[in-house]
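Undergrad: Predicted model and sequence follow; I will ask about them next.
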Amino acid sequence: MIDIHTHTYPTSDDSTLTPEELISRAKLIGLDGVCLTDHDGFWDPADVEKLGKDNDFLVIPGCEVTTEEGHLLVYGLTEYIFGMHKSAFVKGLVDEAGGAIVVAHPYRRVYRETAPQDEISYSEMIERGLRNEVFDIVDAIEIRNGRGSDKENEFSENLANKLNMPKTGASDAHKLIDIGTYATEFYDKITGLGDLIKSIKSGRYDAKKLNFCPPEK
């Protein structure tokens with residue numbers, strides 16, 4: 001079980017979570033590993049390797065790239081290049097690197113809990129979401145996001161079902177309390193970035209809810 005979508009400070013300036021706090025809590029929960037997917041910021045692979053060795057834990061580098069079509073969790077790239085605000089450009093880079101892409105929290109910009117929830121109105125939101133061409137370039141859809149509401153995550157799952165695409169789960173952690181909500185259960189053993197990319201592209205995994213109660217302060 002791996003949390004494939006997390007954010008740490010200072011690489012993600014909207015996070016209050018240190019890498020060490022993330023790893024410590026992930027161990028406590030019983031996760032097998034975490035991915036560092038900071039906003040448009042890439043870790044030095046050597047630093048990620050050291051972080052994993054120092055903490056005796058699986059730590060995998062990634063990035064959440066902000067594009068005009070949505071936020072993409074990318075695995076296999078090592079630096080930000082001008083033009084990555086376009087999802088098609090990101091796709092080209094990822095393909096060249098032999099990486100993988102998961103679309104993060106696809107309910108955003110499309111689903112509104114305050115909008116009418118009757119069948120016709122809901123279907124219209126689904127159809128509007130399906131028109132996003134970003135789904136044509138990704139390997140999976142994040143259907144369980146720890147910062148999303150139940151209804152928002154349900155909307156993401158409905159999109160994935162309509163598209164018949166693999167589904168992931170993650171905390172999208174920005175603070176300590178976020179960790180322990182959702183993760184992705186991989187059916188194959190993951191020992192590093194290469195295994196993760198191969199598994200994401202295989203579709204052999206599913207989103208899982210974690211039943212973790214944080215210790216009282």
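TA: Nice, thanks for sending it over.

Undergrad: how about the strands in the chain?
TA: 2-6, 33-36, 58-61, 63-67, 70-75, 100-103, 140-145, 167-170, 182-186, 205-209 (DSSP state E).

Undergrad: The chain: helices as residue ranges?
TA: Read by DSSP state H, the chain holds these helices, from start to end of the chain: 19-29, 45-55, 87-97, 119-130, 150-163, 193-202.

Undergrad: list the helices and strands the fifth one packs on?
TA: By that I understand helix 150-163. Taking 3 or more C-beta pairs under 8 Å, 6 or more residues apart in numbering; DSSP states H and E as the contact definition, the neighbouring helices and strands of helix 150-163 are helix 119-130, strand 140-145. C-betas here are computed from N, CA, C, even on glycine.

Undergrad: Find the one among those with the highest mean neighbour count.
TA: Between those, strand 140-145 has the highest mean count of neighbours, a mean of 25, where neighbours are mean count of other C-beta atoms under 10 Å.

Undergrad: Just the CA atoms of that one, as PDB, please.
TA: Once side chains and other backbone atoms are set aside, the C-alpha atoms of strand 140-145 remain, and they are given as PDB (Å, rounded to 0.1, in the frame of the first residue of the first chain):
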ATOM      1  CA  ALA A 140      -5.100   6.300 -14.400                       C
ATOM      2  CA  ILE A 141      -7.500   8.500 -12.500                       C
ATOM      3  CA  GLU A 142      -7.300   9.400  -8.800                       C
ATOM      4  CA  ILE A 143     -10.800   8.600  -7.400                       C
ATOM      5  CA  ARG A 144     -10.000   8.900  -3.700                       C
ATOM      6  CA  ASN A 145      -8.300  12.100  -2.600                       C
END
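
Undergrad: roughly how far apart are residue 64 and residue 30?
TA: Counting by C-beta to C-beta, to the nearest Å, the gap between residue 64 and residue 30 amounts to 24 Å.
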